[in-house]
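> Please work out how this folds:
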Amino acid sequence: MRHRVLQSLLILVVSLVVGRAMQLQVLQGKSWRAQAIGQHETRVALPAPRGTLYDREGRELAVSLTTYKIEVAPRELEEPRSAAQVLSAALTLPDETKRSIAEASRRYIVLPGRHSALVKEQLEARIGHGLYFNPVIERFYPRAELASELLGRVDASGRGGSGLELTFDSVLTGQPGFSVRRRDATGASAAWLETPIVEPTAGADIHLTIDADLQSLAESVLEDAILESRATGGDLLIVEPETGELLAATSRRNGRVAHLAAAIEPYEPGSTLKPFTIAALLAEGLADWDDVVDTGLGTYRTAGRTIHDTGPHGRLSLAQVLEVSSNVGMAMFAERLPWGDQYSYLRSFGFGTPTGLTYPSESAGLLRSPSRWSRQSGASLAIGYEVGVTPLQLAMAYAAIANGGNLMRPRLVRRAESAGKAVRWELEPEIIRRVVSEEVASQLREVLAHAVTQGTGRTAGVRGLSVAGKTGTALRFNSISGYSEGSYTASFVGLVPSDQPELVVLVKLDAPSGAYYGGETAAPVMRTAVRAALAGSHWSAPPLLGEPDFPDQKAGVSAGLVSAGGPYVFALDTPLRRSGDQAGALDGNSRIVVPDLRGLSIRAAALRLHDEGWRVVVQGGGRVESIRPTAGTELRRGERILLIGGV
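Below you'll find the model as predicted:
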């Protein structure tokens, strides 16, 4: 009986042990295995770097930097006191933190700040066990706020929050990876016990059409213009008409940079819209440049409304109407154009529809269909009212005139490249439609050039460079009080050079104080932008480079020709006179000392020399390394000075 009882008990115990073993190893095996692995291994996320944004020359505009948060496990350190000394010397730790590490009084300590990969390597080499480095990827903009309205910013989670960072977030965002960190027999862990399982994949890099130098120039010029004119805001765009590429684009509103308002906020353009009604008249054969209307004393009553000019012009041809920007003449000529045709051509030039720019929230502007027009609408549209256009739409419409009649899709992005520099996709120049013939576009450019030399845009002229363009001055509309007398939008759009334009430059100033006409405010800004662009230009095609083929009387010397391929010379309009120089005119025979300009950018140095009345020859680019004649030499104003750059 005792044997049977013992056997039964033994069988029961064995059965319980086997059953429990089966429960642990078979039924709960996966769960316990996972828990065991979890005690020895930790999964560590490896964030992926975000792709880099480059300008057209490959200069970094937005990059991802990896920094590290450092945690210390004092009880895992081999020599806590020595480690505390090393950490304190490298990271400048507070005394309390240093003491906690040395005495190993706490299990984990998070050290303040974020630290570079170099610091990480140095600490790993000197301390080893007991340190934990958690990578943090941050977005960094090497050129500070340059082009911030274009680039946008990332949010707290590192995803695109605005601008191109938002538009191309899925392209720029990389694929995170992870590694497994194992603990040794003592429970300690270190980087050498960490095994990457899935490596992170960096996001694609994006190459933009923006030129960082021109962008910096545009921002500086616009800010100065807004300050000087006491405007509430403004926009400046520089477009390459053959490709539709934006070389610079900047907007300011009430002293702030928020977004690219030039693509988002429509306005009534005023006289800068006149060339497009004229283009429709020419293309449809309803008017010739020699056709004449009598504008009388500068008033015209039509459809119950009186249209005014700034003064009496009498009889004007169509070409003269555009040159002097006669509202009366435009209204008279517009009566020849059927509403359907007027609407169709304005729409073909891109008004009333988005341009297709790869930028968030682009506005389509406002262009109502003829069924919603009043009897006054034809005349209003002819002089730039009853329509809402964005500065970008207007710049692209002028680019169509500049390139021979093709409306281009504006481009901010050229291509995307993977981390291995393989091209993922590339955007080619895209023609949306042909709007007018090359003949009509060429004739418009010729008349717009006369508008600069003889008409309302004279202040946009640049000595040695032919410029075509149109001024605009429009009353600003307020949703509460309607049109506000005394509040204007001043604008100018220029084509440089006029015969074969390589640049379209648009300047718009919102509500300038004092002088408000586009010819008095916006046109000089365009001139300043072109002068400064030439001063640091690396454009290779004439006539943007090369000396003017006529004497520069202001400089007091005759000009020869210099080929565009090598060092180039340019003579600009009358040098600026600073406040201290107002009393004395620029005398070609006066001699002044050449300043030391080493270290300045080529553009800044050239502008300063122009302001003093000298002519400039440029070799290279970047910053000035030397100047000839050397600083301190006395030279007559108008003589040449050679600036030698480091590139």
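> Domain boundaries for the protein, per the record?
Using automatic domain parsing, the domain parsing of the chain gives 44-148+174-208, 212-535, 536-647.
> Pick the most buried one from those domains.
Among these, ranked by average contacts under mean count of other C-beta atoms under 10 Å, first place goes to domain 212-535 (a mean of 20). In this view, the C-beta of every residue, glycine as well, is placed from N, C-alpha and C.
> got JSON lines for the domains of the chain, with mean pLDDT too?
Output for the domains of the chain, formatted as JSON lines (pLDDT from 0 to 100):
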{"stretch": "domain 44-148+174-208", "mean pLDDT": "83"}
{"stretch": "domain 212-535", "mean pLDDT": "89"}
{"stretch": "domain 536-647", "mean pLDDT": "56"}
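> out of these, nearest to residue 13?
Nearest to residue 13 among the domains of the chain is domain 44-148+174-208; the distance by C-beta to C-beta comes to 33.1 Å.
> packing partners for the helix or strand hosting residue 66?
Under the criterion of DSSP states H and E, residue 66 resides in strand 60-72. If you count contacts as 3 or more C-beta pairs under 8 Å, 6 or more residues apart in numbering; DSSP states H and E, strand 60-72 packs onto strand 53-54, helix 80-91, strand 109-110, helix 117-126, strand 131-140.
> That one to helix 117-126, inter-axis angle?
Angle of strand 60-72 versus helix 117-126, following axes from the mean of the first three to the mean of the last three C-alpha atoms, to 10 degrees, is 30 degrees.
> Helix 80-91 and strand 60-72, what's the angle between them?
Computed by the same axes, to 10 degrees, the angle between strand 60-72 and helix 80-91 is 160 degrees.
> In CSV, list the domains of the chain along with distance to residue 18.
Formatted as CSV, the domains of the chain follow (distance: least, C-beta to C-beta, whole Å):
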stretch, distance to residue 18
domain 44-148+174-208, 31
domain 212-535, 55
domain 536-647, 82
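> Out of these, flag the one nearest residue 162.
When the domains of the chain are compared by C-beta to C-beta, domain 212-535 sits nearest residue 162, at 6.8 Å.
> for residue 284, what are its contacts?
337, 341 (C-beta atoms under 8 Å, 6 or more residues apart in numbering).
> Tell me how far it lies from residue 504.
Note on residue 284: its distance to residue 504, by C-beta to C-beta, to the nearest Å, is 25 Å.
> How about residue 49?
Residue 49 is 36 Å from residue 504, by C-beta to C-beta.
> And residue 340, by the same measure?
Where residue 504 is concerned, residue 340 sits at a distance of 28 Å (C-beta to C-beta).
> Which one, of the helices and strands packed on strand 60-72, ends up nearest to residue 299?
That would be, of these and by C-beta to C-beta, strand 53-54, which comes in at 53.4 Å.
> elements contacting that closest one?
So strand 53-54, by 3+ C-beta pairs under 8 Å, 6+ apart, packs with strand 60-72, strand 205-208.
> Now do stretch 293-311: distance from first to last residue.
End-to-end span of stretch 293-311 (C-alpha to C-alpha, to the nearest Å): 16 Å.
> And the contacts of it?
Here stretch 293-311 makes contact (C-beta under 8 Å, 6+ apart) with 312-316, 321, 326-329, 331-333, 335, 374-376, 379, 383.
> what about residue 444, is that helix, strand or coil?
Three-state call for residue 444 (DSSP: H, G, I helix; E, B strand; the rest coil): helix.
> Could I get the contacting residues of the nearest residue to it once chain neighbours are set aside?
Nearest non-adjacent residue to residue 444, counting by C-beta to C-beta, 6 or more residues apart in numbering: residue 401, 5.1 Å away. Residue 401 sits next to 275, 279, 436, 441, 444, 445, 448, 495 when contact means C-beta under 8 Å, 6+ apart.
> And the fifth one, how far from residue 451?
This means residue 444. Applying C-beta to C-beta, the value for residue 444 to residue 451 is 10 Å.
> now the last one
To residue 451, residue 495 is 11 Å away according to C-beta to C-beta.
> correct me, but residue 391 touches residue 504?
No. If you go by C-beta atoms under 8 Å, residue 391 and residue 504 don't touch, sitting 11.2 Å apart.
> Quick check: neighbours shared by the two?
With C-beta under 8 Å, 6+ apart as the test, residue 391 and residue 504 both reach residue 237.
> so which helix or strand takes in residue 485?
Assigned by DSSP H and E, residue 485 falls in strand 482-496.
> ok, then the element right after that strand?
Next along the chain after strand 482-496, taking DSSP H and E as the criterion, comes strand 503-510.
> List the strands paired with that following strand, with their directions.
The pairing partners recorded for strand 503-510 under DSSP bridges are strand 233-240 (antiparallel), strand 482-496 (antiparallel).
> So for residue 4, which of those sits nearest?
Closest to residue 4 of the strands paired with strand 503-510, according to C-beta to C-beta: strand 233-240, at 102.2 Å.
> Now the closest one - C-alpha only, CSV.
Output in CSV follows, covering the C-alpha atoms of strand 233-240 (Å, rounded to 0.1, in the frame of the first residue of the first chain):
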residue,chain,number,x,y,z
GLY,A,233,4.7,95.2,-47.7
GLY,A,234,5.9,94.1,-51.1
ASP,A,235,7.0,91.3,-53.4
LEU,A,236,10.0,90.8,-55.7
LEU,A,237,10.3,88.0,-58.3
ILE,A,238,13.1,87.2,-60.7
VAL,A,239,12.2,84.7,-63.4
GLU,A,240,14.1,83.1,-66.3
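> List of residues touching it?
With C-beta under 8 Å, 6+ apart as the test, strand 233-240 has contacts from 209, 214, 218-219, 221-222, 225-226, 245-254, 261-262, 391-392, 395-396, 399, 410, 502-511, 525, 529, 533.
> how about a cut-off of 7 Å?
214, 218, 221-222, 225-226, 246-254, 261-262, 391-392, 395-396, 399, 502-510, 529 (C-beta atoms under 7 Å, 6 or more residues apart in numbering).
> now stretch 335-348
Outside stretch 335-348, the residues touching it (C-beta under 7 Å, 6+ apart) are 276-277, 279-281, 284, 286-287, 353, 367, 369-370, 373, 378, 381, 433, 435.
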